[in-house]
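Q: Predicted model, plus sequence, below.
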Amino acid sequence: MNKVILLGRLTRDPESRWTQKQGSQEQTCVVKFTLAVDRRGRDQGADFITCVVFGKSAENAEKYLKKGLKIVLSGRIQTGSYMNRDNVKVYTTDVVVEEWEFAESKAAAGQQATPDDGFMHIDDDMDEQLPFT
């Protein structure tokens, strides 16, 4: 089974383009963005994951997704490769998004300066005072 669920913030505004199937007049929207997903644990950093959305879902992503917005998505991992201009093979790994939704309210999205994501900040020296470790 190839299933991915991610929660993170867009690192910049999505890039969108329209493609046309060969021999057809029908066009399909394709939206690409990078999602910053925090690693588990304290001070572990983040992974920056390239995501691609197609079709009607991509049209909605093009319209509503912006830099800094927190979303949750599900999809599948897709790998590929191509030859770059220097004739070097480049390997790619993307998440093909099957569905996505907002992970915070519009009000919370407007207040991105608070990094707590709904949790109270606890200083390192307070660990001794907690009833659990």
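A: Ah, there it is.
Q: Who does the residue most central in space within the chain form a beta bridge with?
A: The centroid of the chain falls nearest to Leu35 when counting by Cα atoms, centre = their mean (2.7 Å). According to DSSP bridges, the residues that bridge with Leu35 are Leu10, Ile49.
Q: quick thing: my sequence starts at 198, can you match it?
A: Done: numbering now begins at 198, and the last item shifts to Leu232.
Q: residues touching it, list them.
A: By Cβ atoms under 8 Å, 6 or more residues apart in numbering, the residues touching Leu232 are Leu203, Gly205, Arg206, Leu207, Thr208, Phe245, Ile246, Cys248, Ile268, Leu270, Val292. Heads up, the C-betas are built off the backbone N, CA and C, glycines and all.
Q: quick one: buried residues of the lengthiest helix in the chain?
A: Ranked by number of residues, the top helix in the chain under DSSP state H is helix 252-261. Judged by neighbour count using 16 or more other Cβ atoms under 10 Å, the buried positions of helix 252-261 are Ser254, Ala255, Glu256, Ala258, Glu259.
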